[in-house]
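A.B. asks: Sequence first, predicted model second:
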Amino acid sequence: MDLKWVRNNLHEKDMLAGKLDNMIEITNEVISKVQHIAAETHPGILDDLGLVVAIEWYCKDFEERTGIPCTLYLEEVTPLKSSINLAIFRVLQEALTNVIRHAHASAVTIQLFNNEHDIIMKIADDGTGIPTDKLSSPDSFGIMSMRQRIRQCKGIINFKNTTGSGLSIEIKIPQMQLNYEYSYSR
């Protein structure tokens, strides 16, 4: 619309500069938003620097946007296939989105570590928890998406309401599923 206005009003030199400046500003805002969406969809940092750094980056951004502090206890884990890194990262994104939209939480704690058999991530908030019926509702797309992503990794995900202290999500992905991408290259 603005471009059409410019074409039809080329003779309005005084108004033209202001209109073009406004169009440049809008274009820059759109580019910035698209870049942000692309980074959140599949951050290059996940592939370049790994899961721990990607979690740190995302949580820092989350804190800046929401004012909700994230306490992180992250260990470097056994090298994971990129599809498993992405599934874990996506669950984190969905969990933090739910914190913003539903939990009314004032703090989040995230843990990532190996044990003898599994890669484990725990996400806990101090919010209101989740109604039990929402955990199995076909309308709970976020919960369904988290379950599906972890199931594709042959893992399990558990949701636990803790009375008076919010929701806890625990993900376990068996180490035998990790199938190191880099161990077979010659």
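C.D. replies: Perfect, thanks for sending it.
A.B. asks: give me the low-pLDDT residue ranges for the chain?
C.D. replies: Low-confidence segments of the chain, defined by pLDDT under 70: 30-44, 79, 163-164, 177-186.
A.B. asks: Who are the packing partners of the helix or strand hosting Y73?
C.D. replies: Assigned by DSSP states H and E, Y73 belongs to strand 70-74. Helices and strands touching strand 70-74, by 3 or more CB pairs under 8 Å, 6 or more residues apart in numbering; DSSP states H and E, are helix 51-66, strand 108-114. Heads up, the C-betas are built off the backbone N, CA and C, glycines and all.
A.B. asks: to the chain's geometric centre, what's the distance from the helix or strand just after it?
C.D. replies: Sequence-wise, the next helix or strand downstream of strand 70-74 (DSSP H and E) is helix 82-98. Offset of helix 82-98 from its chain centre (CA atoms, centre = their mean, to the nearest Å): 5 Å.
A.B. asks: Tell me which residues of helix 82-98 come out buried.
C.D. replies: 84-96, 98 (16 or more other CB atoms under 10 Å).
A.B. asks: Could you check the angle it makes with strand 70-74?
C.D. replies: With axes from the mean of the first three to the mean of the last three CA atoms, to 10 degrees defining the directions, helix 82-98 sits at 160 degrees from strand 70-74.
A.B. asks: ok, residues contacting helix 82-98?
C.D. replies: Helix 82-98 is contacted from outside by 40, 42-43, 46-47, 50-51, 54-55, 58-59, 62, 80, 108, 110, 112, 119, 121, 123, 130, 142, 145-146, 149-150, 152-153, 157, 167, 169, 171, 173, 177-178, 181, using CB atoms under 8 Å, 6 or more residues apart in numbering.
A.B. asks: Whichever of those residues end up buried, select them in ChimeraX.
C.D. replies: Restricted to buried positions by 16+ other CB under 10 Å, the ChimeraX selection for the contacts of helix 82-98 reads:
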select :43,46,51,54,55,58,59,62,80,108,110,112,119,121,123,130,142,146,149,150,153,157,167,169,171,173,178
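A.B. asks: Identify the residue spatially nearest to P138, adjacent ones excluded.
C.D. replies: Leaving aside its chain neighbours, P138 sits nearest to M144 (7.2 Å; criterion: CB to CB, 6 or more residues apart in numbering).
A.B. asks: what's the domain layout of the chain?
C.D. replies: Using automatic domain parsing, the domain parsing of the chain gives 2-39, 46-177.
A.B. asks: Deepest-packed of those domains, please.
C.D. replies: Mean neighbours per residue, mean count of other CB atoms under 10 Å, is largest over the domains of the chain for domain 46-177, with a mean of 16.
A.B. asks: Against M146, how distant is the residue positioned nearest the centre of the chain?
C.D. replies: The centroid of the chain falls nearest to Q93 when counting by CA atoms, centre = their mean (2.2 Å). As judged by CB to CB, to the nearest Å, Q93 and M146 stand 10 Å apart.
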